[in-house]
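# this one's sequence-less:
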């Protein structure tokens, strides 16, 4: 099998981006990725567009982006895996190159949620689970789903609301250094505690914002990558899994099963010992759509024992200089969470970290040359875990 | 006010919102020749869509119609595979493990323990007309979980408490559904 490398990255400013339309937003990331890799659209064999959609006007977003960004007539498709859409798009391109079907492929994640009123976006996200049995009669919201996990975690392990606050404070701290982040403002525990409850016990400051944004990566086979760059970032492995649509069909509410399965698969392929996983990585991106999700991610990735994830937060072990730096780009919490773009944005952040190109104040110390992204779709409906390295996987 | 009256009121509220939007579009077109608005918050120029789009799905339930028949008689049922004895809730008529259909309908005990809960304070648009509600997940004696509103005061709700499934009419719409109540 062919080894696959990231040879170019692009990232738009995240936030309320109604100064542009969907395809103009995608172009900001695409242009940057093309310039970074010194490639032209004609050099790209295929492109994949991650866009969850629904809140924006164009149903055939991949086609609209392809036409506007001069990528047509290359083959494409729109990919959807809820909040893990971006990682699913990455997977299509990764597999195409691995299989020898393409030599270069562009992965584009784009979302423009502000084309709809916030209330409609809240409604649409609430519907994303099992619509008939859990939304129709009981009106869950997205924070509501994760609140069910948070209450269980508190009851079972003694996690406190302040531990969740620690995650919000850390991610806002790093977001303040990231020029692409939605929120570039630090917060303290008082701000956190005072923020309005949206789904008890989760508050506004536990939640990632409704966001517009785009990110792009260009993937290439080893043969092409070697010609273009002397600093490729390799994709070592990717694991993926799915969970139940109905939350009621889950066994317990302390772990995201799909994320655990995806992690196992990714670690197995990369020969990583789950119990010491944090030692392999210099930096991690974890899916913090809500603060509780980052704490569960610590456990599902093996960075903490089950039920002890909140201690990593409490002891500030996921800051730079701690056990394992997590979401030092601000995470979904402060950087923002444009659904389809998030997984691609994670890949961009890890790539730039490994190449010492992270914004000032957020660069981790790269010793092992490895990073990981953990991208969950829905509330554990989809999960993708991807491992990146400066070392070629088959070497 | 009767029950239908409240549903009509809700309809009227939605229509009111839509009418305001249409009036705004009319005004914009009258003043600028096009439905273009400068959003105050962002100062960005936005075209207000002239083509509205709302959806109400029609969801097939024929294969599990017995669940709804039972519910209207005050009972909560699931289905059970006669071959592997798997119990399904929400009910389904196919055992996709054994690949057989036409499963047995079984009445559920409705007795269980609350695993977790939340209180929804920021509600979806289509739930705006309700007071804040508690959503919980309970594990029933049969070993299956059920998700529903917990009809109790927030201060009385605790993880691990004994609960019972109760068949009620959801007001103001007045349709049959189920909820969780604390066992006193």
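Sure, I can see it. Because the structure is predicted, anything quoted here is derived from the model rather than measured.

# identify the residues contacting residue 181.
Let's take chain A. A:14, A:175, A:329, A:330, A:334, A:335, A:336 (Cβ atoms under 8 Å, 6 or more residues apart in numbering or on different chains). C-betas here are computed from N, CA, C, even on glycine.

# to clarify, I was referring to chain B.
Contacts of residue B:181 by Cβ under 8 Å, 6+ apart are B:150, B:151, B:152, B:163, B:164, B:166.

# cool, and residue B:133?
A:138, A:139, B:119, B:120, B:123, B:127, B:149.

# switch the cut-off to 7 Å
Residues near residue B:133 by Cβ atoms under 7 Å, 6 or more residues apart in numbering or on different chains: A:139, B:120, B:149.

# put the buried members of these into a ChimeraX selection.
Selecting just the buried residues from the contacts of residue B:133 in ChimeraX takes one command, with 16 or more other Cβ atoms under 10 Å in any protein chain shown as the test:
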select /A:139 /B:120,149
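
# can you redo the contacts of residue B:133 as a markdown table with pLDDT?
Shown next, in a markdown table, are the contacts of residue B:133 (pLDDT from 0 to 100):
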| residue | pLDDT |
| --- | --- |
| A:139 | 96 |
| B:120 | 97 |
| B:149 | 98 |
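
# make CSV out of the contacts of residue B:133 and add secondary structure and distance to residue A:7.
Shown next, in CSV, are the contacts of residue B:133 (DSSP: H, G, I helix; E, B strand; the rest coil; distance: Cβ to Cβ, whole Å):
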residue, secondary structure, distance to residue A:7
A:139, coil, 46
B:120, strand, 45
B:149, strand, 52
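
# can you give the distance from the lengthiest helix in chain B to the centre of its chain?
Criterion DSSP state H: the longest helix present in chain B is helix B:3-32. Relative to the centre of its chain, helix B:3-32 is centred 24 Å away, using Cα atoms, centre = their mean, to the nearest Å.

# what is whichever helix or strand comes after that helix packed up against?
Along the chain past helix B:3-32, the next helix or strand (assigned with DSSP states H and E) turns out to be strand B:36-38. On a contact count with 3 or more Cβ pairs under 7 Å, 6 or more residues apart in numbering or on different chains; DSSP states H and E, strand B:36-38 meets strand B:45-47.

# any idea how far the nearest residue to residue A:339 once chain neighbours are set aside lies from residue B:71?
Spatial nearest neighbour of residue A:339, chain neighbours left out: residue A:52 (4.2 Å); criterion: Cβ to Cβ, 6 or more residues apart in numbering or on different chains. From residue A:52 across to residue B:71, the span is 33 Å (Cβ to Cβ, to the nearest Å).

# have a look at these two and say which one is more surrounded.
Neighbours were counted for residue A:52 and for residue B:71 using other Cβ atoms under 10 Å in any protein chain shown; residue A:52 has more, 29 against 16.

# can you give me the domain boundaries for chain B?
Domain assignment for chain B, taken from automatic domain parsing, gives B:3-47, B:58-108, B:110-184.

# remind me which residues of chain B are low pLDDT?
B:1-7, B:9-10, B:13 (pLDDT under 70).

# and chain B, which residues reach chain A?
B:39, B:42, B:44, B:46, B:49, B:59, B:90, B:115-127, B:133, B:135, B:137, B:145-149, B:159, B:177 (Cβ under 7 Å from any Cβ of the partner chain).

# which among the residues you listed count as buried?
Buried by 16+ other Cβ under 10 Å: B:90, B:115-127, B:133, B:135, B:137, B:145-149, B:159, B:177, out of the residues of chain B next to chain A.

# if you look at those residues, which of them are in helices?
Among those, no member lies in helices (by DSSP H).

# and the strands in chain B, which stretches?
Assigned by DSSP state E, the strands in chain B fall at B:36-38, B:45-47, B:77-80, B:87-88, B:94-95, B:100-101, B:104-107, B:111-120, B:133-140, B:145-150, B:162-170, B:175-182.

# so which of the ones you listed is nearest residue A:150?
strand B:111-120 (7.9 Å; Cβ to Cβ).

# show me what that closest one is packed up against.
Partner elements for strand B:111-120 (3+ Cβ pairs under 7 Å, 6+ apart): helix A:142-157, strand A:197-200, strand B:133-140, strand B:162-170.

# angle of that strand against helix A:142-157?
130 degrees (axes from the mean of the first three to the mean of the last three Cα atoms, to 10 degrees).

# ok, and what's touching strand B:111-120?
A:139, A:141, A:144, A:147-148, A:151-152, A:199-200, A:253, B:132-141, B:145, B:150, B:154, B:157, B:159-164.

# quick one on the thing from earlier: can you say which of the contacts of residue B:181 are buried?
B:150, B:152, B:163, B:164, B:166.

# show me what contacts the closest residue to residue A:61 other than its chain neighbours?
Nearest non-adjacent residue to residue A:61, counting by Cβ to Cβ, 6+ apart: residue A:51, 4.2 Å away. Residues near residue A:51 by Cβ under 7 Å, 6+ apart: A:61, A:78, A:85, A:110, A:111, A:340.

# could you find the closest non-adjacent residue to the second one?
In other words, residue A:78. Residue A:78's closest residue in space is residue A:62 (Cβ to Cβ, 6+ apart), at 4.2 Å.

# swap in residue A:60?
Per Cβ to Cβ, 6+ apart, closest to residue A:60 is residue A:78, 7.2 Å.

# I am finished for the moment; much appreciated.
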